[in-house]
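S.K.: sequence-free structure coming up:
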């Protein structure tokens, strides 16, 4: 142990710590300063940035032995507090710099250090600084962050008053449509929002720390698990195995479609007879400290019989492949699509026929925060599990039988989440936490390190696609044939639903009258498939929108004009035969055209032998909801002070669920003339909030938004007096009127798609967009840089401009990463943020322009659609198409790594 | 477990905690907000006060189950920070409201709640508020705290600017003699100073929590210790017993005097063959949490053969009493005093002879903070023990052989201490921490709860005294005979030294030419005797100063005038035959006389049948140092920025050691024209600071002060150039001059007292004072209230006015408690602050006046003496004498509880 006195935020603190302990752990775990976040723990994300003796350091890789005695440390807590915000914090709030907020303290500390040495930086210097200091953000696309630094610097230089930065309430008191900052913003920018790991630091003293014993192979039979040596290790309370799990020890996949060959009971909580994928949990060591748990986990002996591992859909589809789940074929679900006439004859006679094979990779979510959670028995004896779940009621149903706990004795709560982007649509550690808590009857805490987070949470499922378009001489699409195989990993949950997305989105955007095809879900031994923003559509549009460009190339037509000719117009239907609820593409094309032509001109002028510039476009669509008549429920309650509380399970990935609820409720409650502060939110606790459904598929604003609108309208109706004024709480009580009302909404106008034809009207509201990427390709290195990006978006009426802008910036950044760098394929190599291809500030253009068409949606509350998925539907294809435009190289197997572009360039010679 | 969201200092925090966990533990241990202190843990001290939904509560007795969901909690961290002090915090600093500072956060939070509902209180309302809310302080005597609240309220009402409150540096830059606030003040008023329990919260995660298995009887043979069941309890790492202690398993008492019959090796670290007193430690359970350790401690089975317990000096002196330490007589030390002629003949012929028997009780220290410490092996492999030790080098020597650790492998560090008042002159838990750390090789933490703190730390040793004065017809003392038996408990450490104090201070203050007497140290089974402010003198003066009043009564003389006739004047010597270094009593009497006469008049006028008022006086003296040629050593070092660092082991009880060092060093370094900020302090770490000796007996300002002066002078001499200017650091380096210098001082003019006659010159500097108490006695209840108190003090030149005032206020308060309420006698009853008689605000008069005579001391640095002991030498006797003046009741057996006064009144009838 070393003993040092360090001055933390102006206060001298005596610290006793192991010399090889990180400064981050000392600040957080010992000094309780949880404003400093630990993301990757490897110095690759900057969430842990602090200033140490005037130098910006990443505290997760700064060992205490190297911190000088008497050193001065500044953390986010020393920069500003909720009651006294620093200009950087103010600017961060008003520019939407914090979405999930997990990276925010590190960014703000980093910006503080930058401005201390360069009070008047250029935007590029800000980007360079963050890039050099490895400040990474997965939500914002970086632009709002740079905006915030520039404005804060102005305030700090005295060129702007801090008050000019503040959000001003519109004079009409209308929050809807404004840039009202999300309620959690202050907590996020001050580091005072407690994420799961922060709650872990603050748990009761008898909390057990968990360490997983995990499979290091991808497929094996388990012969024996010997925990005896581990049980004897110091600090170990218990080693939990499948034998300790009281229930079925399976997480049910809640099979969506009847033609699924599996039963959904394929995912073990703790492996018993088999290992299905690398990282599978075999045992849980429960100990007094993390170090004790980790040390004992090394001592658990697992005797395995290794089996052949099927690491891709084609491998698992091979005739001689073993059934990964014996008794269930590896191809466990097939969905045919049949729209219009048979396509073969049409193809035979079409003026133009193009065909392409495409592969969209296993995109990792790369959240800044790793998966983390805790569990305990609450005072009603309920097993209470806190996690990053974005589907608390869904997960409740998925894990209760496996754990062997009565539904009413299980409670799920979502912690503030440092990003999920959909991976938390799957249960991850919930059942592990539950099993450990039940087996020990102690509070338990588990946090994955980044390696675990990457290797043992779900990923975007790769699609292997083959698509053919037939068009007439003008390029008008006549027919499409499609075939897609989905590598869904070993666990079936929602794999059928995902596969259905191929039917819904391959070729979407265009009125294709005749379609034939088939998609299939394949069980493999690679990472299990979980939801990821725009679930199924990036795969679909990779094929549809690449092939559209290929058709244009074949025809010698301009890709925009070819699209212009084909986009949905009245009379057209979607691939599933549904009539689009609005037709906005024609206007969008018209709006994009001048920008596109200008960009093309600029790209041409800017191209050299070494740097080729090009412009690519794509369109994207996503449905808001789960297939068919999706629904949501909330509750509203009038309080004694005449404020209103909204109870909802609108889970927050970081996208701004709090603002979603507040904006919608404020709008719905306008007759009561409430201020936003008079609307209280109770969110995301199965014991307190009705089942609003999971926060996925951009369904929340539509489904839960409508439920909120409904509940508020019912409350208002109950409060309304005959003279048109409204009863107070006291008057309601006096008249014995109810104070609490359910709000509900069902998309009853929808129908699930047919299992025979995939035809149906699955979504009540869609989001529509077009994307334009401007790229530069270094022909020497093959490296592609996106220099500018334009988004045309119709997400209906906008609830909150700051949130919606933020969603689009962030989604585009993920699209660029998907196009160029991101992957999770190699289990040895793809284990860190950097190795997985996370875009850093300089990988994302500072110029991202968004143009909205606000077509009100009849079925959206106050006209709103969702937004989160739209920017990731096909923004990556715009980049891929731009590479083609710049170089003539068509990348069909993503990501477009430099070596692939180089190979394409070489093959041109 | 319950899950609640509480808003702490404006930040929403989700908390999971056991329903019966205290809010204090959650705030501190879980949320890391260690500004809230836990003192008694029983709601009797108010250190843990927080504001809960606008109501002041003691968080240590507020269970989490009773904290409403959504509650707002304000702690000291929410009131102000070091960078942004609240007016209350500012006022606390400039009024010296924080001495040890442990009660400070609770007081400030309490004051905040008061001023929220009463912005303009009267002083009495402030006192009433604190009294009602059980805000207790053991250091300040409350007056500075009330002063601070009154000024802060002015600022908060806008009647005074905060800047008017601030300390202003004198224009001559002279810190010496000013009210410069102590360096630790800001940390204390903001709750950011980490005391031992706070450091415990911030220890590394593998730290073991300790629970003691303690004796519940006072005297017994140990037959067997069975730890097997405890070892099996969850979370238990090891149960440590005497068998695990590597060394002699004894704390050596470092026998001071050669005639001591014992060898000093009488105090076990962990009991092996015997239990010597209630609370003796038999085993230490080392576990992962405090709850686990406590639960397992209950499972250790100790088989005892109980022995007769000797609970007082007379009992242990009985002929048939067993030897508590077999082989060593229970009376193990005797000190005769022989000054001048034989006294018997003088007594026989004296005009007046008075004699009295007195008993001064086992005064408990009643610090707000309990005993607490921690241990670990530092990076040099040294066993490093942090505790409240006020004698780190002394304790180092006392515990090293018992632990079996090489001296160079043992390091002692003093934590910021929440009051000791001398109890930490004894090792308490140091060796227990060391034994546990050595046996487990883990960091360990131990905190006594208040019951343990009272029952298992040393106490002021009761004296049983019998004294006789013989005087001539004018009341001039001719001779004294004295006999005193010291109940020192079972452990010998410093018992001989304490007994010697009787020889030095019975009759001190008066030129008594002839003295005969004997004192003896008696081993008993009651609490071991440790140092307590003014060590030995309150006992001595109880006899000497009570008897002086009895003589006056017998003569019909005024007590002040009788004293005036007898106080030291040139030619007089002390009871040990030493010539006083200054003669200030005559002037003091003259200064006191008008005040005394006025008070007497007022008391007479204010007396009724029910409420009798009276005035009592006493004088007090204490020596600054340990007997004989005491010494101290420090080190000073010139830093690259030309600042100077002073390395010293001037331990801090809370008295202001930091200010002592800074004030003295600043004065000594005046030629260099340094600001106080340019003087850095490194304090109280045996690995870093020279042996400055223990901080007891008011020796530090004289011994260590002189050593600082010496070191600084040597440094200045080395820096001085021939032209009278001073070399910079860079010039020193260039000329290869040393940068670090030892400073040392020895009281070579002193001589230890003779073992045959107690004659000698033990101290180089004394403190002198007179005390006047004005009391009201309720004749119906017997309750005495001190309504005013006056102190005449000569403590030499004053280093820091704020510190010296504070010491006197606080010492007087302890004297009042000693006189009226405080005791530790009944092991069952005297186990809480309140039960032990701690004075609360209304028990101490708001009117305490101090009058200084600053006679410079030749042997004090810049003329300074010590101060801390003076106010507790005989302030209690002034109260006792005032009760007599008011009622005619002479209380000789302290404390003067109402029933004793009532009994006295009854016997008058």
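M.R.: That came through, no problem. Only a predicted model underlies this, so the values are computations on that prediction, with no experimental measurement involved.

S.K.: Flag every residue of the stretch 251-400 of chain A that's near chain B.
M.R.: Within the stretch 251-400 of chain A, the residues that sit near chain B (Cβ under 8 Å from any Cβ of the partner chain) are A:288, A:289, A:290, A:291, A:292, A:374, A:376, A:377, A:378, A:379, A:384. For glycine as for every other residue, the C-beta is placed from the backbone atoms N, C-alpha and C.

S.K.: repeat that for 10 Å
M.R.: A:287-292, A:374-380, A:382, A:384, A:386 (Cβ under 10 Å from any Cβ of the partner chain).

S.K.: what's the answer for the stretch 751-900 of chain A, then?
M.R.: Counting by Cβ under 10 Å from any Cβ, no residue of the stretch 751-900 of chain A is near chain B.

S.K.: And the residue of the stretch 751-900 of chain A closest to chain B?
M.R.: residue A:803 (20.4 Å; Cβ to the nearest Cβ).

S.K.: likewise the stretch 1-150 of chain A?
M.R.: Counting by Cβ to the nearest Cβ, the stretch 1-150 of chain A gets nearest chain B through residue A:32, at 1.9 Å.

S.K.: what residue of chain A is the furthest out?
M.R.: residue A:723 (47.8 Å; Cα atoms, centre = their mean).

S.K.: Report pLDDT for it.
M.R.: Residue A:723 is assigned a pLDDT of 97 by the prediction.

S.K.: before we move on, what about residue A:341?
M.R.: Predicted confidence (pLDDT) for residue A:341: 97.

S.K.: how many neighbours does the closest residue to the residue of the stretch 751-900 of chain A closest to chain B other than its chain neighbours have?
M.R.: For residue A:803, ignoring the flanking residues on the chain, the nearest one in space by Cβ to Cβ, 6 or more residues apart in numbering or on different chains is residue A:656 at 3.9 Å. Residues lying near residue A:656 (other Cβ atoms under 10 Å in any protein chain shown) number 32.

S.K.: Make sure residue A:656 is actually in contact with residue A:183.
M.R.: Yes: with contact defined as Cβ atoms under 10 Å, residue A:656 reaches residue A:183; the gap is 9.4 Å.

S.K.: if I look at those two, which residues touch both of them?
M.R.: Common contacts of residue A:656 and residue A:183 (Cβ atoms under 10 Å, 6 or more residues apart in numbering or on different chains): residue A:662.

S.K.: Tell me the spacing between residue A:56 and residue A:118.
M.R.: Taking Cβ to Cβ, to the nearest Å as the measure, residue A:56 falls 12 Å from residue A:118.

S.K.: quick one: contacts for the residue in the stretch 301-450 of chain A positioned nearest to chain B?
M.R.: Chain B sits closest to residue A:376 of the stretch 301-450 of chain A, with a gap of 4.2 Å, by Cβ to the nearest Cβ. Shown in contact with residue A:376 (Cβ under 10 Å, 6+ apart): A:203-204, A:206-207, A:382-386, A:411, A:433, A:437, A:441-445, B:1-3, B:16-18.

S.K.: What about those residues, which are in helices?
M.R.: A:433, A:437 (DSSP state H).

S.K.: filter the contacts of residue A:376 to the buried ones?
M.R.: A:203-204, A:206-207, A:382-386, A:411, A:433, A:437, A:442-445, B:1-3, B:16-18 (16 or more other Cβ atoms under 10 Å in any protein chain shown).

S.K.: about what we covered before: okay, and which of the contacts of residue A:376 map to strands?
M.R.: A:383, A:384, A:385, A:386, A:411, A:444, A:445, B:2, B:3, B:16, B:17 (DSSP state E).

S.K.: Just put these in JSON lines and tack on pLDDT.
M.R.: Formatted as JSON lines, the ones in strands among the contacts of residue A:376 follow (pLDDT from 0 to 100):
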{"residue": "A:383", "pLDDT": "98"}
{"residue": "A:384", "pLDDT": "98"}
{"residue": "A:385", "pLDDT": "98"}
{"residue": "A:386", "pLDDT": "98"}
{"residue": "A:411", "pLDDT": "98"}
{"residue": "A:444", "pLDDT": "98"}
{"residue": "A:445", "pLDDT": "98"}
{"residue": "B:2", "pLDDT": "95"}
{"residue": "B:3", "pLDDT": "95"}
{"residue": "B:16", "pLDDT": "96"}
{"residue": "B:17", "pLDDT": "97"}
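
S.K.: can you put those residues in CSV and add distance to residue A:52?
M.R.: Converted to CSV, these look like this (distance: Cβ to Cβ, whole Å):
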residue, distance to residue A:52
A:383, 42
A:384, 38
A:385, 37
A:386, 32
A:411, 41
A:444, 34
A:445, 28
B:2, 39
B:3, 36
B:16, 32
B:17, 33
